[in-house]
Each structure stands twice: as C-alpha cells, then as structure tokens.
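Colleague: Just the structure for this:
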Amino acid sequence: MQAVIGNFRNALLASDKEAAIGILDKYLLKHTPLNFVEAIAVEALDEIGSGWEKGEYALSQVYMSGRICEEMLDRVLPDQSGQRIDKPKMAITLLNDYHSLGKKIVYSILRAGGFQLIDYGRMETEGLINRVLEDRLELILISALMLSSALQVKEVVRGLKHGSDKVKIVVGGAPFRLDRQLWQTVGADAVGYTASDALKIVSSLQGGKTNE
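Modeller: Numbers count the residues shown, from 1 in each chain. Reported below is the predicted structural model:
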C-alpha cells in the first residue's frame, strides 16, 4: 500500500496526470473509488502538504497535485454519484480579499479527498453571514491573506453564532500562520495552517470534534 501511495504522490508532484490515472485505474480493478480516496489520495495529498510545510515542495506542486487529483476523482466519483461525503454540509469562501490561490488549493484538496462542498468565491462579511444561514451550513471555511480581512472573521463569527449555534467556523491564511493565536482571538472553532490540515479538520468535525 505504501508503494502505491508513494507512486501516486510522485506522479502528482511531477504533474504526470497520465501516470496518476494509470495508478487509479489499476487500483479500481480491485477496490472502490471511495476506497482509493481514503487509502491513497488523502494519504498522498497529506504527504505533499507536509512536504510543502517543510520546504521540500513548491506551492505550485501542492496546487497542481490537488487539481489533478480533483479532476481524476470527478470522473469516478461525480457529484451525482451519491458516494461523495456530504457531511458536514459546508462551503469555502474568500473573505473580502482578492488573493484566491489559497482558497483554490484547499477547495481542490477537499474535493480530491472525496468531500462535497460549495465554493462561495469572494464575499463580504454581511453577505457571507446571510448566505451561510440561508444555506443552513454546518461548516464554513474562511480564507484570508490580509490581516484586515482576517480580523473581520470576528464579525462573521458573531453573526453566525447569533443566528445558529450549529455552524462551525474554520479559518486559514497567512495572518493565522504568523499569529498562531489569532484564530482564537477572532473566535473561530479551528484553524488550518496548510491545505492538508483542511482534510484532517473536516474529517474530525464529522465526529463533532475540532482541531487546533
């Protein structure tokens, strides 16, 4: 199993989509698509995310790995298949910011991990609060690159907690990496410092727990 994970990881890092598809197709001869997601894709993406954090891989490799994996799994695990993980009901957004790369990476990683989520794109504070409540989300992932945007999360938290105590707020982005206590300052439920953290956090929230 470790050899398959390693080969798949290396194919993603090299942006070798053909090799990655070959590994997937061979695996599917004996296993289900969801098993591939859980046993191979998530593990490979987690290793890539950890490698980026250690300075071993470029951010572009993390991004392309997520995109390739997402596209591959869309073929065998489409939205309408009923096999995607739709709990918790969640969305991801960029809060009052225009730097969307981080959000795109996290979105691709979660999709590649078999999760179903909505991409809200860029949103302002009030509009985000209203939409989350209207959609009755259980989890909202908020990305922010600028400190001013990160601080606005406090207002989002206040509005969402006032409207529903069921909504969990997970934050990520440069300001939260620079100040490891900022997520608590703004009142979020959890923080992700890397894209792969999102997989661990969302998986843990399925069981009603939070990650720091």
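
Colleague: Count the neighbours of the closest residue in space to G173 that isn't next to it in sequence for me.
Modeller: Closest residue to G173 apart from its sequence neighbours, by Cβ to Cβ, 6 or more residues apart in numbering: A144 at 4.3 Å. For every residue, glycine as well, the C-beta is placed using N, CA and C. Neighbours of A144 under the rule other Cβ atoms under 10 Å: 27.

Colleague: again with the one 4 residues further on
Modeller: Other residues near S148 come to 11 when the count uses other Cβ under 10 Å.

Colleague: For the residue nearest to G173, give its distance to A58.
Modeller: In this view, A144 and A58 are 22 Å apart by Cβ to Cβ, to the nearest Å.

Colleague: And for Y120?
Modeller: 27 Å.

Colleague: got the CA coordinates for the one helix or strand L45 maps to in PDB?
Modeller: If you go by DSSP states H and E, L45 is part of helix 42-53. Taking Å, rounded to 0.1, in the frame of the first residue of the first chain, the C-alpha atoms of helix 42-53 are listed here in PDB:
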ATOM      1  CA  VAL A  42      -5.800  11.500   1.000                       C
ATOM      2  CA  GLU A  43      -2.500  10.000   2.200                       C
ATOM      3  CA  ALA A  44      -0.600  11.200  -0.800                       C
ATOM      4  CA  LEU A  45      -2.000  14.700  -0.500                       C
ATOM      5  CA  ASP A  46      -1.200  14.800   3.200                       C
ATOM      6  CA  GLU A  47       2.400  13.900   2.500                       C
ATOM      7  CA  ILE A  48       2.600  16.600  -0.200                       C
ATOM      8  CA  GLY A  49       1.100  19.200   2.200                       C
ATOM      9  CA  SER A  50       3.600  18.200   4.900                       C
ATOM     10  CA  GLY A  51       6.400  18.400   2.500                       C
ATOM     11  CA  TRP A  52       5.500  21.900   1.400                       C
ATOM     12  CA  GLU A  53       5.400  23.000   5.100                       C
END
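
Colleague: what does the average pLDDT come to for that helix?
Modeller: In this model, helix 42-53 has a mean pLDDT of 81.

Colleague: Stretch 186-194 now?
Modeller: Stretch 186-194 shows a mean pLDDT of 92 in the predicted model.

Colleague: Tell me where the chain has helices.
Modeller: 2-13, 17-27, 33-36, 42-53, 59-76, 101-112, 125-135, 147-151, 153-163, 174-178, 182-185, 195-205 (DSSP state H).
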